[in-house]
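>>> kindly return the folded structure for what I paste below:
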Amino acid sequence: MSDLLADAEAELYAADPDDFTQHRQDLAARAREAGEPSVAKQIAGLRKPTRSAWVVNRLVRADPEVASRLAALAADLRDEQAMDGTRIRELTAARGRLVDELTRQALQVGDLPAPPAALREEVAATLDAAIADPEVAANLGTLVRAAHWAGFGLVSTAPLPGDATSAPTRTSPAPATTRPPKPASPPAPAKPPAPAPAELAAERERRRREKIQSAERAVAEAGEAAESAAAAEQEAEDTVRRLEAELADARQRLAEARRQSYRAESRRRRAAQELSRVRE
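Down below sits the predicted model:
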C-alpha cells in the first residue's frame, strides 16, 4: 500500500462520517495532483463507514492495544476444545468483560455519552465478532459496517449417556423347554431408531445458523454492491465536473480568440483602405 493511500485511509476512517464524501474527493484530487492517478482511483473507491463502524475504527486507531487485546483473547478461545468446563466459563466471562469495557471506551473516544441503544449494540457486536472472526479482526480500523458473529459452539456427536442407540444389545439364552417349538413367525420389519432430542435440537440449530449466515451474506453483498455503485457514481460525477470545467475554459478561450481575430481583421481592412487611398 502506498503512503498516499495509507494516509488517506487514516484520515477518512478517523474523521466524522458526515464529512466522508467531501473529504474523499479532496484526497483523491490531491493524489491526482501528485501524479498518482491509480492511487486517486483507489481513494475514490473507499467506502463510507456506518456510524457504528466508525466508532470502532476510531477506537482502534486511538488505542493500538485494542487490536492486540482482542487477538490475545481470540488465541485463548481457539483452544476451547482442549479445556475443561471451568476454563471455558472463565474465558467466556473474560470475553464479555472485554467487549463491555471496549464498548464503553469506544463510545467515549467517539464522544457519544448517550448513544442510541442500537448503536451501542452494533459496536459491542462488532468487537465480539473481531474476537471470533479473523477477517473482521484484520479489517479493524477500516471497517465500513458493523459485524455480527453468527457462530455457535461445536455440537458433540459422541453418544449421550442413556441414549438407547448407543447401548450394546445383549441376547439371553432361550429357556429350555420340552415342548416342540412353534413355527417361527415372520420377523416384523425393523423400524429406524427415532432421533434423540439432542440430535433434533442440534439439527434445528444447524439449519437456523445456516439461514442466518446466508441472510447475512446476502445483506453484505447487497451493501457492497450499493457502495460500489455509489463510488462509481461519485467518480463519474467528478469526471463530469472536471470535463465541464475544461469545456467552460475552452469556450472562454474560443471566445477570446474570436475577438482577437475580429480585431485583427478590422485592422487589416483599415490598413488596406489606407494603402488604397495613398496609392490614389
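
>>> SS state for residue 75?
helix (DSSP: H, G, I helix; E, B strand; the rest coil).

>>> list the contacts of it.
Applying C-beta atoms under 8 Å, 6 or more residues apart in numbering to residue 75 gives no contacts. Heads up, the C-betas are built off the backbone N, CA and C, glycines and all.

>>> separation between it and residue 131?
10 Å (C-beta to C-beta, to the nearest Å).

>>> and if you look at residue 272?
Residue 272 is 90 Å from residue 131, by C-beta to C-beta.

>>> just give the closest residue to residue 32, not the sequence neighbours.
residue 40 (4.4 Å; C-beta to C-beta, 6 or more residues apart in numbering).

>>> quick one: distance of the strand or helix carrying that neighbour to the chain centre.
Using DSSP states H and E, residue 40 falls within helix 37-44. Averaged C-alpha coordinates place helix 37-44 at 20 Å from its chain's average position (C-alpha atoms, centre = their mean, to the nearest Å).

>>> repeat for stretch 248-261
That offset, for stretch 248-261, works out to 51 Å (C-alpha atoms, centre = their mean).

>>> what comes up buried for that stretch?
When burial is assessed from 16 or more other C-beta atoms under 10 Å, stretch 248-261 yields no buried residues.

>>> the nearest residue to residue 15 once chain neighbours are set aside and residue 104, how far apart?
Excluding the flanking residues, the one nearest residue 15 by C-beta to C-beta, 6+ apart is residue 23, at 5.8 Å. From residue 23 over to residue 104 the distance is 28 Å, taken as C-beta to C-beta.

>>> between those two, who's got more neighbours?
Using other C-beta atoms under 10 Å as the criterion, residue 23 and residue 104 rank with residue 23 on top: 17 against 13.

>>> dump the C-alpha coordinates for the helix or strand the more buried one falls within into PDB.
In the assignment (DSSP H and E), residue 23 maps to helix 20-33. The C-alpha trace of helix 20-33 is given here as PDB (Å, rounded to 0.1, in the frame of the first residue of the first chain):
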ATOM      1  CA  PHE A  20     -16.500  11.500   4.400                       C
ATOM      2  CA  THR A  21     -17.700  12.100   0.800                       C
ATOM      3  CA  GLN A  22     -16.200  15.600   0.500                       C
ATOM      4  CA  HIS A  23     -13.000  14.600   2.300                       C
ATOM      5  CA  ARG A  24     -12.600  11.600   0.000                       C
ATOM      6  CA  GLN A  25     -13.000  13.900  -3.100                       C
ATOM      7  CA  ASP A  26     -10.300  16.200  -1.700                       C
ATOM      8  CA  LEU A  27      -7.900  13.400  -1.000                       C
ATOM      9  CA  ALA A  28      -8.400  11.800  -4.400                       C
ATOM     10  CA  ALA A  29      -7.800  15.200  -6.100                       C
ATOM     11  CA  ARG A  30      -4.700  15.700  -4.000                       C
ATOM     12  CA  ALA A  31      -3.400  12.300  -5.200                       C
ATOM     13  CA  ARG A  32      -4.100  13.200  -8.900                       C
ATOM     14  CA  GLU A  33      -2.300  16.500  -8.500                       C
END
